[in-house]
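Novice: mind looking at a prediction? Sequence and model below.
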Amino acid sequence: MVTKEINPAGSFKNWDSTKMQELQNSNKSNRIGNTLLFEDDSIKVWSILLKPGDQLPFHKHTKNYTWICLTQGVAISHHQNGRIVEIKYQKGDLSYYDHDTKGDFVHDLKNTGDLQLKFNTIEYK
């Protein structure tokens, strides 16, 4: 995974008015994927499938989670704090987010490439 910062946190300089409106109007749901595949007392397993041009709307992360990218592709993510990043994913990229030390955050994810992007995310309760 290669991440390129397009806009720093604390600034909304490179945000267009449509994206700003989208953030303001979002309900910032805790639905962190397209499809909930499994849930029990300890985890939720989500699937994220984004065709070229598709977007996962603004959503709020409130728990520790792990994601794995099942395909390669390119996406842009806008964060509630103003940060914008472009991410180039390779099949097999994965990461763990430690909510206990980093806290809540809100962001979206838009597939800006020519290939379908697919992720599985495990959210720990």
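Specialist: Here it is on my side, so go on.
Novice: max-length helix in the chain?
Specialist: helix 17-25 (DSSP state H).
Novice: now do the next helix or strand after that one: which elements does it pack against?
Specialist: Remark: after helix 17-25, the chain's next helix or strand is strand 35-39, criterion DSSP states H and E. If contacts are counted by 3 or more C-beta pairs under 8 Å, 6 or more residues apart in numbering; DSSP states H and E, strand 35-39 sits against strand 43-50. Just so you know, the C-beta spots here come from the backbone N, C-alpha and C atoms, and that holds for glycine as well.
Novice: tell me where the protein has helices.
Specialist: Secondary structure of the chain (DSSP H): helices at 17-25, 99-102.
Novice: which residues are contacting the shortest one?
Specialist: Which is helix 99-102. If you take C-beta atoms under 8 Å, 6 or more residues apart in numbering as the criterion, helix 99-102 is touched by 61-65.
Novice: can you check stretch 24-36 too?
Specialist: Outside stretch 24-36, the residues that touch it by C-beta under 8 Å, 6+ apart are 44-50, 56-62, 65, 80, 106, 119, 121, 123.
Novice: point me to the residue sitting closest to the centre of the chain.
Specialist: Leu109 (4.6 Å; C-alpha atoms, centre = their mean).
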